[in-house]
Structure formats: C-alpha cells, structure tokens
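Novice: next one to model:
(4 chains)
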Number of protein chains: 2
Amino acid sequence: MPATQREVARRAKTSLKTVSRVINNDPLVNAETRARIEAIIAEVGYEPHQAARMMRSQKSNIIGFLADGVATYPSSIDLVRGAQDVAWERGKQMMLFNIERGRPSSAMADSQLAAFRAEAIIYAATFHQQVDIEPTSVPHILLNCFDGGGRHPSILPDDYQLARDITRIIFERGYRRPVFLNLNTDIVASHLRGKGFIEGAAAAGLDASARVHIAVKSAAGAPTEFGTRRILADLFSGGDRPDLVLCGQDIMAMNVYFELAELGLKVGKDVAVASFDNLDPIAGLLQPGLSTMELPYYEMGRAAMNLAIDGATHNQVLRLKGKFIERSSL
Amino acid sequence: MPATQREVARRAKTSLKTVSRVINNDPLVNAETRARIEAIIAEVGYEPHQAARMMRSQKSNIIGFLADGVATYPSSIDLVRGAQDVAWERGKQMMLFNIERGRPSSAMADSQLAAFRAEAIIYAATFHQQVDIEPTSVPHILLNCFDGGGRHPSILPDDYQLARDITRIIFERGYRRPVFLNLNTDIVASHLRGKGFIEGAAAAGLDASARVHIAVKSAAGAPTEFGTRRILADLFSGGDRPDLVLCGQDIMAMNVYFELAELGLKVGKDVAVASFDNLDPIAGLLQPGLSTMELPYYEMGRAAMNLAIDGATHNQVLRLKGKFIERSSL
DNA sequence: TAGCAATTGTCTCACGTTGTCATAAGGCGA
DNA sequence: TCGCCTTATGACAACGTGAGACAATTGCTA
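Specialist: The predicted structure follows:
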C-alpha cells in the first residue's frame, strides 16, 4: 500500500497540513522543515493520490482523447503525440482511447471519461472528414474533422494550401504536364486539394481543370481500392504524356509506383511522382523515395490540446499548414 | 456539474442508501423501486464518480499500458486493442500511453500511473526483444518482450513456430529452393525464425542452413535499411536460383518486391515471396498481394491484460501462435 | 395478535487531500 | 510591557461513495 501524507507527517513528526504545504509548494514553510519533509517523501516514495485530489479539488485535470479508427490508418499517432506532449507540459492528464465510432468501444470510452469527470474531449478522426457529434455538457474539440452544424471548435489541415504549395513547387521545378490522381469526392480533402491544385496551376499559367482524376474506387471507411490502372493506362497511351503524377495519398502513390512499373515507366526518370501524407515507413521505403507533403499532425494535436485546456471561446476552425518533404521521386 | 447519488435520491424521493443499493446491485431492493431509481439515473445522466469510488474502495481498477515506440512501427495497435477489449470486458480501466523508453514521456507516464494507483502495468514493445525493467511494487507484464533476468511474466509470439509453420506451407506447395532473408541477429525473433526455417526445411528433407541470409543493415531502433540488393543479385546470378524468398518482415518484403523488379523478376510468377507480419495496409497493397504469417498481436494483448488482472503466479512466458494469411505472392 | 420477512431509512465512518480558519512564537515600535 | 505584525504550524471540515449497525414500516403468516 503506497504511503499517504498522513504517513509522511507521522514520520516527520509534523502535521498533515505542513506536509500538504510542502507538496503544493506553499512558500509559508520553513526551509529546514521543507527539506526534512522532502527527504521523507523521497524515502517512502510518496506519490500524491490523484483520486483524492480530484475529490477535494472538484476538478479532474483529465482531457479525453478519442482516436477513431487508428487501426486502419497509422498516421494519427502524431495527433496523439502532439496532444499528449501539451497535456504533460501543462500539468494535465490525457486519457487515450482507440475507438471505432458507433461500436461498443465508443460507448465504453464515453462512460469511462464521464466517470472520471473529464473536462474536455478531443475527438480525432483518421482523415479530414465531417462528423456529427451531439453537444454534451463536456466540451468537444474536433481534430482532423469538423461538425456539420458548426457546433464544436475544430482543428484541420489546410488541404487547400497544401495542394497549392506542392503545385507551386512542381511548377518551380519545371514540370508542365502534371496530373492529379485525387481521392474520392466524398472525402473533404479531395475538393480542397483539387481546388488548390487547379488554382496553383492557373497561377503558373496552366488550365489544369481537366487534369484532375478521381482514382479511389472505394468509399470512405471501406478497404482502400484504387482505380489507377485504367486512368494511368489512358493517360500514358495518348500523345500528351504527363511528366508528373500527383497522388492523393502515399498509399495511392505506392500503388501508382507499381502501376507505372507495369507500364514500363520508371519513377523519377520517365515520370515524377509526388503525394500527400509522408506516411511512415512507406514514403521512405519506396524506390525512389517519395517526395510528399507532410500533414501537420503533430502540431494539430498540440493545438487541439491547447484548445481543450483553455476552452474555446467560439466554435472556431483552425487550419494548419503542412511541410514539403523532399526525396527523389520529384 | 454532474449529478451525485444524493441528487438522484432527492429526485427519487428516497434515501441515499437505497440509491447506493441500486447502484451496487444489492438484491434487497424492491423491483419497482429499483426501476424508478434506474429511470432517474438515466434521466439525469448520473455516472458514479470514479475518484470517489477509488477512495472508498481503496482500489483503482486501473491497469496501465505503456506502448513503447508505436510511432516507428504501427502493428502494435492490435496489442492495444486486445488489452483494451479485455479490460472493458472485465470491468477494468486501461490507461494507455505512447512512450519512448528512457525519454521524458516514459517518466511522465510512470508517475501518472503511480498517482492513479495503477494495479498493474503492461509494457509493450514494438518488436520481440529483450528489455531490462526493474521490478517495483506494482507488477509488470511484458508484452512482445521479455526481461533478461526473468523477473516479470511475459507474452511473446512463438517465432519459432511461426517460421516452422510457414516453412511447412512452403514445402507443401512444392517450393524446393527457398531462401530466408532474415532480420538482424540482435533481434530475438531472428534466431527463433532461423531455427524454425532450418528445422522446417529439414523435416522436408532439405538442408537449409546455408539458405539463411541477414538482410537488415541497421541496428534495432535505427531507421530501417536493407541489404537485400546485393544478396538478391548474388542469389539470382548463380545457377541454383531460389524459387521463393521468405522475408523477415513485410516492409522488407516491400523492399524485396522493388529489388526483384529491378532484377527483372516478377513476384508470383518468376519467384514467390512470403513474409512475417501482415502489416496493414502494406501487405494488402503490394502487387501481387503478400502472403504472410500474421503475428498474434490481438491475442497477445488479450493474454497480457488477463494476466495483469488475475496476477501472475510465477514469471511465466506465454508464446502464442500466428496465422497464415494467404494472398497471391506464394 | 404476535412474530417474521422484506424493504427502506437514519446515522456514522473512512478513504486522502487541501482550503479556511485558528493558534503559537518571535520581533519590533510605542 | 503591550499591542500588532509576520512567519510558521496545526485543527478541522468537506468532496462522493460504500458499508455496517440498526431502526422503522409494511404485509403476511402462524
């Protein structure tokens, strides 16, 4: 059984309250008394009992983090890391759950967080999407997703800007016939990136509106299935062959590598490839290494936790920029 | 402010004690009274205050889960899921942390678990390895790793058996010239799988002791770098060309796909490939799909949590078998 | 009518911590 | 010496829950 303040007080031959003062850094303690008590704390390995603190202070210092569907998409780890780091920096406890929305795991996590009187809940999705979260008495922060009714504050990647940035880089490097194999239209990022790509190309003097193709067959949530084979075959059979394929995500890029090889084309030599995600370890292991726009997941996680702790004043939407990761495919 | 038992009692016009009886399933309550009180509990959304329960009952019902280095290797998600499922099934709370051993995150997680009076701690590694965990007053269960001094119970994949199983399948399907591109020798699984492969081949009448090659350059922990290029070039330049390449892990298999293509060899036609991990989503996205031995992570997670809850009687080591996942590379 | 079982209520305590208030000791100016 | 301030320490209560001891009430049976 771990030691209590009472036990420390008994050994230090002092009162309970003085021990409490030492632990809470109350300046009203004599330096010698403090040293003596601290020595005993170290000796018996005393750790404050979190539950008792929660009782007494009537606040839990707990922020819940619901990671929806991590299993199917590993990038959300950085969302978790960012949030966890901020929680520790700011003296909060983060309670993390991997859930699947609508499944029992979700209900269990909710009730556990309620039982612990969590002060806020961060709900993180694995890709930029709309969700429908009913407001409750505990504030929710939506991470990598947003509420249709705008009922919750939200942290998102700036997908439009990501696409504009990489498109700018593409043209700066002299590519003139890029195509964009985009994600499914029911994925929010798809619209935004398509817009970023087209407007980025327009800024470089190219009308790229016919150079965007939807290359994901499956709906969101289902196992990913790509429609790249036919699209690439068409694109590379005509006269105006693309000099670059921009992919909607790194795993699509992986698929594209294989399909291009099938067509006898060598990535980085016959055609360039770029993408979005910087998915570990795929992006680095492809040959040649995949140049890709990294999504700002770590910073998004940090921002969400800060918002959860400080409380959002209104249901703001925060969009964060990404970073270009250079390898040799572009 | 969430409701308390007192508030429920007030609304139900009954006593605190009766509400307490309902919540703790005391049979000495009239069925109608119980129904009435349960209705009010649902109405006000009462959830027992976990901190108060911990205080009163002097037990936390909390099991800590330290996931070391998830960021670098996503397969451990299933370890987490297995443990989480069992925790919920058995009425325990699991506190999950992504840590990096030796880094501040590790110390923070430890002290948070101490503050919550965790009853046991599961320490999970991302690959089968030896670790050195000092015994403390709270019992540790090692998951996917083991203690050098045998001071903790341990749950491991049965790497020897995994290799034997896939080797048996390989010979059953008629392959006669397999090579095994193994992991680094400082990875424990490497020895066990090498042994499983050689003994499996021996059972089929082949001396495979010269058919195992170490194909990972980097040490454990560092970014993965493979030495497959030279090895494959050598193997496929001679007369006795392998008909199958067994890889130590799926990401190595991915690398091997590229290197074989480089040599002008088509996986599934000119040469078969098999591997270990069933790493999502890589194994399914490679073309052709990668046939691989799935590691029993989910079941290992479950076993670890059961052991954490029940308490280990001795520092046993439990080894779990894997499952062959058939795709078309073999 | 007494006695019994079933049901509900009252009261009290304890868990570990910390805020409020009280107390004690020492210094200092009037 | 007294009053007052500062510094240091202590006594006590309360947070929400659960449990024990026991009383009170009701309805039923012998």
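Novice: so where's the stretch 101-250 of chain A uncertain?
Specialist: Counting by pLDDT under 70, the stretch 101-250 of chain A has low-confidence residues at A:218-224.
Novice: how close does residue A:67 sit to residue A:146?
Specialist: 17 Å (Cβ to Cβ, to the nearest Å). Bear in mind the C-beta positions are built from the backbone N, C-alpha and C, glycine included.
Novice: which of the two has more neighbours?
Specialist: residue A:67 (26 against 23; other Cβ atoms under 10 Å in any protein chain shown).
Novice: find the residue closest to the residue nearest the centre of chain A in space, skipping its chain neighbours.
Specialist: Geometric centre of chain A, nearest residue: residue A:79, 3.1 Å, by Cα atoms, centre = their mean. Nearest non-adjacent residue to residue A:79, counting by Cβ to Cβ, 6 or more residues apart in numbering or on different chains: residue A:301, 4.2 Å away.
Novice: give me the three-state assignment for the one you found.
Specialist: helix (DSSP: H, G, I helix; E, B strand; the rest coil).
Novice: got a list of what it touches?
Specialist: Counting by Cβ atoms under 8 Å, 6 or more residues apart in numbering or on different chains, residue A:301 touches A:78, A:79, A:80, A:81, A:82, A:83, A:84, A:85, A:86, A:124, A:143.
Novice: what's the pLDDT at it?
Specialist: Residue A:301 carries a pLDDT score of 97 in this model.
Novice: near DNA strand D, which residues of the stretch 151-300 of chain A? Just list them.
Specialist: Taking Cβ under 7 Å from any atom of the strand, no part of the stretch 151-300 of chain A reaches DNA strand D.
Novice: quick one on the thing from earlier: which ones among the contacts of residue A:301 map onto strands?
Specialist: Secondary structure from DSSP state E places A:124, A:143 of the contacts of residue A:301 in strands.
Novice: contacts with DNA strand C among the contacts of residue A:301, please.
Specialist: Counting by Cβ under 7 Å from any atom of the strand, no member of the contacts of residue A:301 reaches DNA strand C.
Novice: after the helix or strand containing residue A:197, which helix or strand is next?
Specialist: Element membership of residue A:197, judged by DSSP states H and E, is helix A:188-203. Counting by DSSP H and E, the element after helix A:188-203 in chain order, helix or strand, is strand A:212-214.
Novice: residues in contact with residue A:128?
Specialist: So, once contact is read as Cβ under 8 Å, 6+ apart, residue A:128 ends up touching A:144, A:145, A:156, A:157, A:159, A:187, A:188, A:189.
Novice: for residue A:90, same thing?
Specialist: Applying Cβ under 8 Å, 6+ apart, the residues contacting residue A:90 are A:305, A:306, A:309.
Novice: how near is it to residue A:106?
Specialist: Applying Cβ to Cβ to residue A:90 and residue A:106 gives a distance of 27 Å.
Novice: what's the answer for residue A:178, then?
Specialist: 41 Å.
Novice: same check, this time on residue A:98
Specialist: Residue A:98 is 10 Å from residue A:106, by Cβ to Cβ.
Novice: of those two, who's got more company?
Specialist: residue A:98 (20 against 16).
Novice: let's verify the more buried one: helix, strand, or coil?
Specialist: strand.
Novice: pLDDT at it, what is it?
Specialist: So, for residue A:98, pLDDT stands at 92.
Novice: would you agree it is in contact with residue B:84?
Specialist: Yes. Residue A:98 is within contact range of residue B:84, at 6.7 Å (criterion: Cβ atoms under 8 Å).
Novice: so what sits against both of those two?
Specialist: A:105, B:96.
Novice: remind me what the helix holding residue A:197 packs against, helices and strands.
Specialist: strand A:120-131, helix A:159-172, strand A:178-182, strand A:212-214 (3 or more Cβ pairs under 8 Å, 6 or more residues apart in numbering or on different chains; DSSP states H and E).
Novice: contact partners of the longest one?
Specialist: What it means is helix A:159-172. Here helix A:159-172 has contacts from A:128, A:178, A:188-189, A:192-197, A:199-201, A:203-204, A:206, A:244, A:246, A:274, A:276, A:293, A:295, A:319, A:321-322, A:324, A:330, using Cβ under 8 Å, 6+ apart.
Novice: alpha carbons only: can I get it in PDB?
Specialist: Output of helix A:159-172 as PDB, limited to C-alpha atoms (Å, rounded to 0.1, in the frame of the first residue of the first chain):
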ATOM      1  CA  ASP A 159      -5.700  21.000 -47.500                       C
ATOM      2  CA  TYR A 160      -6.200  23.800 -50.000                       C
ATOM      3  CA  GLN A 161      -2.900  25.400 -49.000                       C
ATOM      4  CA  LEU A 162      -1.100  22.000 -49.000                       C
ATOM      5  CA  ALA A 163      -2.100  21.400 -52.600                       C
ATOM      6  CA  ARG A 164      -1.300  25.000 -53.600                       C
ATOM      7  CA  ASP A 165       2.200  24.700 -52.100                       C
ATOM      8  CA  ILE A 166       3.100  21.400 -53.700                       C
ATOM      9  CA  THR A 167       1.700  22.600 -57.000                       C
ATOM     10  CA  ARG A 168       3.900  25.700 -56.800                       C
ATOM     11  CA  ILE A 169       6.900  23.500 -56.100                       C
ATOM     12  CA  ILE A 170       6.000  21.300 -59.100                       C
ATOM     13  CA  PHE A 171       5.900  24.200 -61.500                       C
ATOM     14  CA  GLU A 172       9.000  25.800 -60.000                       C
END
